[in-house]
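Enquirer: Quick one: sequence and predicted model below, then my questions.
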Amino acid sequence: MFAWLLCLILVSEAWPVKCQYQQQQLIILAGQSNMAGRGGVTNDTRTNKLTWDGIVPPQCQPNPSILRLTAKLRWVLAHEPLHADIDVNKTNGVGPGLPFANAVLTKVPNFGVIGLVPCAIGGTNISQWRKGSSLYEQMIQRAQVALRGGGTIRAVLWYQGESDTVNLEDAKLYKERSDMFFTDLRSDLQSPLLPIIRVALASGEGPFIEIVRKAQLSSDLPNVRCVDAMGLPLEPDGLHLTTPAQVRLGEMMAHAFLQSIPSSIKTTSHSHSHSPPKFPHFISYFLILPLLTHLFWMILTFRY
């Protein structure tokens with residue numbers, strides 16, 4: 001009888017972990033290379049190939065309450081580089097996603113489990129993200145898969161525009177195209193006021209950086225907040241943010257995000273728990289099943 005009671009207690013303890021895991025606070029990461037993460041990526045003079053130095057600062061360390069949706073649409077513990085299996089044709093390093101998530105959890109410890117959905121692809125311009133494009137449809141598909149677990153999309157982090165500084169016409173049309181992209185994205189995600197945290201360029205591939213930056217800084221769409229990356233240190237290539245710059249940017253985006261969401265979300269997320277769950281439910285089941293099996297055999301031995 002005692003063994004059966006213990007089994008019931010263990011099973012009942014597993015269910016709340018599953019429910020908390022399902023109610024993730026989802027964050028979509030989209031854009032081009034600086035969102036995918038190039039912090040710590042430099043050219044190896046010996047091989048003439050880009051390599052990541054592998055340095056992961058404290059603000060980017062894995063956190064049991066931060067998960068990542070892989071290219072195979074599975075949830076795993078998030079770690080750098082977040083876009084390693086998404087932006088597959090490039091060398092990825094540190095980006096703003098993990099420092100963003102860690103900063104949010106530091107400021108709001110009861111925020112809950114954060115599910116990051118990486119979607120950024122290096123070298124892409126805004127036209128490649130228009131509704132109907134492969135990048136757009138892939139992002140929507142990944143967001144829909146992320147939602148199946150019962151979570152809620154809390155924000156889109158968007159860092160893109162370097163490629164649109166090359167051509168004058170692209171730069172002039174950037175505001176119109178990005179506003180349409182945000183509008184379509186919100187419509188397809190059925191969230192008309194979904195917070196969008198965008199980044200104003202720190203660099204560009206062409207001469208028309210200021211035209212694109214002006215478009216980014218002057219958006220009049222509701223609940224679109226802009227974080228200015230200008231002045232943050234760049235890698236030797238003059239285009240990509242360094243690892244410390246990515247950490248700082250992630251923290252800036254976290255601050256803007258927390259200013260954009262209702263205070264009720266900050267205070268009620270998983271309020272029934274004193275702390276976020278330490279493991280996703282599948283890990284909890286993995287640990288508990290051997291114990292249940294052992295108890296089952298104990299019961300059989302006792303009876304016979």
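Expert: Sure thing, it's come through. Here the structure is a predicted model, which is why all the values come from computation and not from measurement.
Enquirer: which residues in the stretch 201-304 of the chain form helices?
Expert: Secondary structure of the stretch 201-304 of the chain, counting by DSSP state H, counting those that start in this stretch: helices at 209-217, 243-260, 263-268, 281-303.
Enquirer: Determine which of the ones you listed shows the lowest mean per-residue pLDDT.
Expert: When the helices of the stretch 201-304 of the chain are compared by mean pLDDT, helix 281-303 comes last with a mean of 42.
Enquirer: Quick check: bridge partners of residue 41?
Expert: residue 52 (DSSP bridges).
Enquirer: Repeat that for residue 28.
Expert: Bridge pairing for residue 28 - DSSP bridges - gives residue 117, residue 156.
Enquirer: I'd like to know how many residues surround the closest residue to residue 240 other than its chain neighbours.
Expert: Of all residues not flanking residue 240 in the chain, residue 38 sits nearest, at 3.6 Å (Cβ to Cβ, 6 or more residues apart in numbering). Heads up, the C-betas are built off the backbone N, CA and C, glycines and all. Around residue 38 there are 31 other residues, counting by other Cβ atoms under 10 Å.
Enquirer: is it true that residue 38 touches residue 92?
Expert: Yes - between residue 38 and residue 92 there is a contact at 7.2 Å, judged by Cβ atoms under 8 Å.
Enquirer: Pretty sure residue 103 sits against residue 251.
Expert: Yes - counting by Cβ under 8 Å, residue 103 does reach residue 251; the two are 4.6 Å apart.
Enquirer: burial count for residue 224?
Expert: Residues lying near residue 224 (other Cβ under 10 Å) number 21.
Enquirer: who are the neighbours in contact with it?
Expert: Taking Cβ atoms under 8 Å, 6 or more residues apart in numbering, we find residue 224 in contact with 182, 195-196, 198.
Enquirer: Look at it and report its pLDDT.
Expert: 97.
Enquirer: Where does residue 131 sit: helix, strand or coil?
Expert: coil (DSSP: H, G, I helix; E, B strand; the rest coil).
Enquirer: how close does residue 31 get to residue 128?
Expert: Look at residue 31 and residue 128: by Cβ to Cβ, to the nearest Å, they are 11 Å apart.
Enquirer: where exactly do the strands run in the protein?
Expert: Counting by DSSP state E, one finds strands in the chain at the ranges 25-31, 41-44, 49-52, 66-69, 75-77, 114-118, 152-159, 196-200, 224-228.
Enquirer: spatially speaking, which residue is in the middle of the chain?
Expert: residue 116 (3.2 Å; Cα atoms, centre = their mean).
Enquirer: So it is in contact with residue 25, correct?
Expert: No - Residue 116 lies out of contact with residue 25 (Cβ under 8 Å); the separation is 9.9 Å.
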